[in-house]
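1. sequence plus the predicted model coming up.
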Amino acid sequence: MEAALFMSPEPLKLERLSQISGIHSLGILKQMLTDLMKDYSERGFNLVESPEGWLFQVRSDILPKVANLTPYSDLPEGAKRTLALIAFREPLMQSELIKIQGNKAYAYIKNLHSKGLVKTEKEGRTKVLSLTQEFERYFGEKKEEIKEKLIRKINEKELRASSTEAGENQ
């Protein structure tokens, strides 16, 4: 069970863990997972139950120290761009996001929502997208800090572009 949780790139539902472990009593399996949660509580990562299933996560107090070691490989590039747009413009209307990214953004939003990184609220014929506390935990930084980094990156890019353009005009 531990090996499956460690190796899986995504959370595992109780039923899937039952199949893998051969433990058919969901009650016993749940108790074993609860015991494992206690065992791991003093280590660098925790066993947690999320809406998607059971998974190992780095402890929130340690995450900022090690977050730079992973490229967030469980998120496709498009989903990362979607998150960046939401972080930059939060709150962002879904209809605006679709205008920027096209229809593929619907799948990104669904993926990000299922991971608990984005919340959606119905407003008229569209939805309002905003970031969650899970977003901050996942990236190990406050969303305001992430927005500041995005603004700095954009400004650096614009500065490089204007420097290149100025050099070409001479």
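-> Nice, thanks for sending it over.
2. going by C-alpha atoms from here, please, whenever you check contacts or count neighbours.
-> Fine.
3. may I ask which helix or strand of the protein has the lowest mean pLDDT?
-> helix 63-66 (a mean of 74; mean pLDDT, DSSP states H and E).
4. what comes into contact with the helix or strand following that helix?
-> For helix 63-66, the succeeding helix or strand toward the C-terminus, using DSSP states H and E, is helix 77-89. Here helix 77-89 makes contact (Cα atoms under 8 Å, 6 or more residues apart in numbering) with 92, 97, 101, 105, 108-109, 111-112, 129-131, 143, 146-147, 150-151.
5. tell me which helix or strand comes right after helix 77-89.
-> Moving toward the C-terminus from helix 77-89, the first helix or strand encountered (DSSP H and E) is strand 92-93.
6. listing partners with orientation, what would you give for that next one?
-> Here the strand partners of strand 92-93, with direction, are listed using DSSP bridges: strand 126-131 (antiparallel).
7. pLDDT below threshold where in the chain?
-> Judged against pLDDT under 70, the low-scoring parts of the chain cover residues 67-68, 70-73, 165-170.
8. biggest helix in the chain by residues?
-> Within the chain, and with DSSP state H defining each element, the longest helix by residue count is helix 143-168.
9. packing partners of that helix?
-> helix 77-89 (3 or more Cα pairs under 8 Å, 6 or more residues apart in numbering; DSSP states H and E).
10. filter the contacts of helix 77-89 to the buried ones?
-> Neighbour-count burial (16 or more other Cα atoms under 10 Å) applied to the contacts of helix 77-89 gives 92, 97, 105, 108-109, 111-112, 129-131, 143, 146-147, 150.
11. would a markdown table of those residues with distance to Phe56 be doable?
-> Below are the buried ones among the contacts of helix 77-89 laid out as a markdown table (distance: Cα to Cα, whole Å):
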| residue | distance to Phe56 |
| --- | --- |
| Leu92 | 31 |
| Leu97 | 32 |
| Ala105 | 28 |
| Tyr108 | 23 |
| Ile109 | 23 |
| Asn111 | 19 |
| Leu112 | 18 |
| Leu129 | 27 |
| Ser130 | 25 |
| Leu131 | 22 |
| Lys143 | 23 |
| Ile146 | 24 |
| Lys147 | 27 |
| Leu150 | 29 |
